[in-house]
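Visitor: Based on what follows, work out the 3D shape:
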Amino acid sequence: MTATKLDLPLSENKDSRLDKISDVDSFENRINDKTIQSNPVEKVIATIWAEVLNLDEFSVLDIFFEAGDSLLATRVNTRVQEVFGVNIPLRHIFDAPTVVEFSKAISELPDIGEKVKQVSKMLVEMSELSDEETEALLMKKGE
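Guide: Coordinates of the predicted model:
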């Protein structure tokens with residue numbers, strides 16, 4: 001199973017800007033690119049990890065720390081919290097260092113696991129819509 005490299009917006013000094021991703025549509029579209037995970041949470045987590053690690057591909061069974069370090073783990077945790085809108089303890093990436101393990105761990109957290117699953121499902125569903133379908137939904141929402 002692989003994940004694709006995702007292009008993050010860069011600051012003037014060419015550093016990745018993880019705090020604000022202005023192109024949400026681009027993020028959603030890349031969820032489907034080469035990511036073959038068994039559930040929506042794994043799909044979204046693999047996409048986030050690929051972004052932060054700046055890798056073309058990695059297995060959902062590979063250990064995060066073979067490609068990243070504690071600073072990148074902090075960035076992943078921040079990005080995960082931004083995407084899901086929940087506070088996830090940093091220790092989970094150390095305790096569950098593969099996409100599969102991490103996805104399972106955060107999906108089972110009391111009070112936030114269901115939100116993680118719901119947001120993941122929504123993001124994956126949105127990523128599978130055509131531009132026309134997305135626009136139609138947005139127009140309908142605006143009515």
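Visitor: Where does pLDDT dip in this structure?
Guide: For the chain, applying pLDDT under 70 flags the ranges 1-37, 58, 143.
Visitor: most centrally placed residue in it?
Guide: The residue lying closest to the centre of the chain (C-alpha atoms, centre = their mean) is residue 48, at 3.2 Å.
Visitor: Make sure that one is actually in contact with residue 76.
Guide: Yes. Using C-beta atoms under 8 Å, residue 48 is in contact with residue 76, at 6.4 Å. Placement of C-beta: from N, CA and C, glycine included.
Visitor: did I read that right, residue 57 in a helix?
Guide: No. Under DSSP: H, G, I helix; E, B strand; the rest coil, residue 57 falls outside any helix and is assigned coil.
Visitor: Residue 122 versus that one, what's the distance?
Guide: Distance, residue 57 to residue 122, by C-beta to C-beta, to the nearest Å: 25 Å.
Visitor: Over to residue 38?
Guide: From residue 38 over to residue 122 (counting by C-beta to C-beta), the distance is 18 Å.
Visitor: Same check on residue 84?
Guide: To residue 122, residue 84 is 11 Å away according to C-beta to C-beta.
Visitor: Which parts of the chain are strands?
Guide: Per DSSP state E, the chain carries no strands over any range.
Visitor: what about the nearest residue to residue 121 once chain neighbours are set aside, neighbour count?
Guide: The shortest distance from residue 121 to any non-neighbouring residue, by C-beta to C-beta, 6 or more residues apart in numbering, is to residue 40 (4.7 Å). Neighbour count of residue 40, defined by other C-beta atoms under 10 Å: 22.
Visitor: what does the one 3 residues further on give?
Guide: With neighbours defined by other C-beta under 10 Å, the count for residue 43 comes to 23.
Visitor: cool, and residue 116?
Guide: Neighbourhood size, residue 116 [other C-beta under 10 Å]: 24.
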